[in-house]
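A.B. asks: Following is a predicted model, sequence given first.
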Amino acid sequence: MRHKRALMWFRRDLRCFDNAALHAALIHAERVHCVFVFDREILDLLADKADRRVEFIWESIVELRVALEALGGSLHVLYDTASIAIPRLAAALDVDAVLTNHDYEPSALARDSAVSVALRAKGVSFETRKDHVIFEKDEVLTAAGKFFSVFTPYKNAWLKRLEAFYVKPYPIEPHKLHFAGDETAEIPALEAMGFSRTNLREMKLPTGMSGGEKLFTDFLERIDRYDETRNFPSIKGPSYLSTHLRFGTVSIRGLAAAAWQRWQEGSRGAEVWLSELIWRDFYVHILHHNPRVVNGAFKPEYDAIRWRNDPERFEAWCEGRTGFPIVDAAMRQLNLTGYMHNRLRMVAASFLTKDLLIDWRWGERYFAEKLNDFDLSANNGGWQWAASTGCDAQPYFRIFNPLNQSEKFDPDGTFIRKYVPELAKLSNKDIHAPSLTKPVELQARGFVPGRDYPLPIVDHAEARNATLAEFKRALGKRGEARAEE
């Protein structure tokens, strides 16, 4: 359909290249206005006004506006309630259509429904495009036409579909642009929206499209070893692109295509990394077909678990003072930087749910407040996986042993020393479990457990047995085999 004027609404797609909705707007409209809304319905609920995510978005918007101006357009930037501001701006600009990219979260769907109704009442169409994932909704289903509930079969079907439908970028050709180019108001300052600067720059997380490109270029030099390095938090193994994927300063199509190509050239690391991108699609797939997971277990029978929910132990977990060094280092990394290594996300989540028997929703909410890359589907999926309430093919008795995980993935204690510096003087062996070290060894180093570092708040073996007993009671199980990682 041709439009005389259209409004492109940027949201979690903060780039002016390979953008599905922007491409459609430029193809189907004679003039295109662009807008981004710092949505008060979201921002006003944030308790911490020094939020790295808001600063990341702000910096990325500054860059996006400059990039759009270089292409002959510009960007309206508003601090308002999006569901009200978009219809109002559409009326002021007298557009025929508002185009944007799909969002899959329940609250976003409700917002989009309200916007669509308001626009339709004024004779304006509301059009959305797929941009955040490779495959969505019903594009990857079982042979019986059902949604997948286990990752590996989903991955296999996903890969077969990719082979038949190779991903191509959406071209944004400058000579075809017809931007309106009359958005001149200043971008609202962080301070004007009630937010302050954070340690984002100190953490060296580059923002915007240029930041995403920089990180991806660097990762491509390391991707072939990703399968070997990804589990070690002290090694530069991950891509560090998760925040950029969350806010769309990189293109998922571009990343998947590059990984696929590298895999076809024989890279095991690229193959494993592509699997991580598929996990991202999988969790969106689960959320779309099962929106109830936002508040309840994917496997409803697990809602019968009687969580202990000890507030003091939860606070100790949040603050990184559980007496388990690898868990504490992980939580302190999160609190300081807004980032947590993926292996450690599994360890920390397993500890909260399986050692402390605290409801996964408590941990999920805490991560949602702290993670720079917070994404509802992935965060929810990861937590339910760790708690065994979600799409984990392994039974509930898989429980991570924090000591084993520490010794295996941070063998010399490099990561622990960085984030739990009070343990720095301990040996590589003792640093993983100071409470198990011979007193004479600790005395020689001037270290006193309980004084210089907390004693463990729980006995792992006892906690494991208690958790298994509770899961068995809730599920009516008897005498199953047990596994520990």
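C.D. replies: Happy to help now that I have it. Every value quoted in this text rests on a predicted model; they were computed, and no experiment measured them.
A.B. asks: how about stretch 42-57: buried residues?
C.D. replies: Residues of stretch 42-57 classed as buried under the neighbour-count rule (16 or more other Cβ atoms under 10 Å) are 43, 51-57. From N, CA and C alone the C-beta is placed, and that goes for glycine too.
A.B. asks: Sort out for me which of those are in helices.
C.D. replies: Among those, the members found in helices (DSSP state H) are 43, 52-57.
A.B. asks: State the pLDDT value of residue 482.
C.D. replies: Residue 482 is assigned a pLDDT of 57 by the prediction.
A.B. asks: Any stretches of the stretch 351-485 of the chain with poor pLDDT?
C.D. replies: Filtered on pLDDT under 70, the stretch 351-485 of the chain yields the residue ranges 478-484.
A.B. asks: if we can go back for a sec, out of the buried residues of stretch 42-57, the closest to residue 304 would be?
C.D. replies: Minimum distance to residue 304 across these is 35.0 Å, recorded for residue 53 (Cβ to Cβ).
A.B. asks: can I assume the closest one is in contact with residue 372?
C.D. replies: Yes - counting by Cβ atoms under 8 Å, residue 53 touches residue 372, with 5.7 Å between them.
A.B. asks: For those two, list the residues in contact with both.
C.D. replies: Common contacts of residue 53 and residue 372 (Cβ atoms under 8 Å, 6 or more residues apart in numbering): 243, 338.
A.B. asks: Which helix or which strand is home to residue 280?
C.D. replies: In the assignment (DSSP states H and E), residue 280 maps to helix 268-289.
A.B. asks: now the ones in helices among the buried residues of stretch 42-57 as TSV including pLDDT?
C.D. replies: What follows is those, written out as TSV (pLDDT from 0 to 100):
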residue	pLDDT
43	96
52	97
53	97
54	98
55	98
56	98
57	98
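A.B. asks: just those now: which is nearest residue 340?
C.D. replies: Distances from residue 340 to these, taken by Cβ to Cβ, are shortest for residue 52, at 13.1 Å.
A.B. asks: distance of the closest one from residue 243?
C.D. replies: As for residue 52, its distance to residue 243 is 9 Å (criterion: Cβ to Cβ, to the nearest Å).
A.B. asks: ok, residue 65 - how many residues close by?
C.D. replies: Number of residues near residue 65 (other Cβ atoms under 10 Å) recorded here: 21.
A.B. asks: shared neighbours, residue 52 and residue 243?
C.D. replies: Counting by Cβ under 8 Å, 6+ apart, the residues touching both residue 52 and residue 243 are 205, 372.
A.B. asks: related to what we said a few turns ago, off-centre distance for the following helix or strand past the helix holding residue 280?
C.D. replies: On the C-terminal side of helix 268-289, the nearest following helix or strand under DSSP H and E is helix 311-319. Chain-centre distance of helix 311-319: 23 Å, with Cα atoms, centre = their mean, to the nearest Å.
A.B. asks: quick check: angle from whichever helix or strand comes after helix 311-319 to helix 311-319?
C.D. replies: Downstream of helix 311-319, the next assigned helix or strand under DSSP H and E is helix 325-337. Orientation note: helix 325-337 sits at an angle of 70 degrees relative to helix 311-319 (axes from the mean of the first three to the mean of the last three Cα atoms, to 10 degrees).
A.B. asks: Let's test this: mean pLDDT of helix 325-337, rounded?
C.D. replies: On average, helix 325-337 scores 98.
A.B. asks: That one packs against which elements?
C.D. replies: Counting contacts by 3 or more Cβ pairs under 8 Å, 6 or more residues apart in numbering; DSSP states H and E, helix 325-337 packs against helix 311-319, helix 342-350, helix 360-370, helix 402-409, helix 414-419.
A.B. asks: what comes up buried for the fourth one?
C.D. replies: Of all the residues in helix 402-409, those buried under the rule 16+ other Cβ under 10 Å are 402-403, 405-407, 409.
A.B. asks: quick one: contacts of it?
C.D. replies: Helix 402-409 is contacted from outside by 231-233, 324-327, 343, 347, 351, 355, 416, 432-433, 460, 484-485, using Cβ under 8 Å, 6+ apart.
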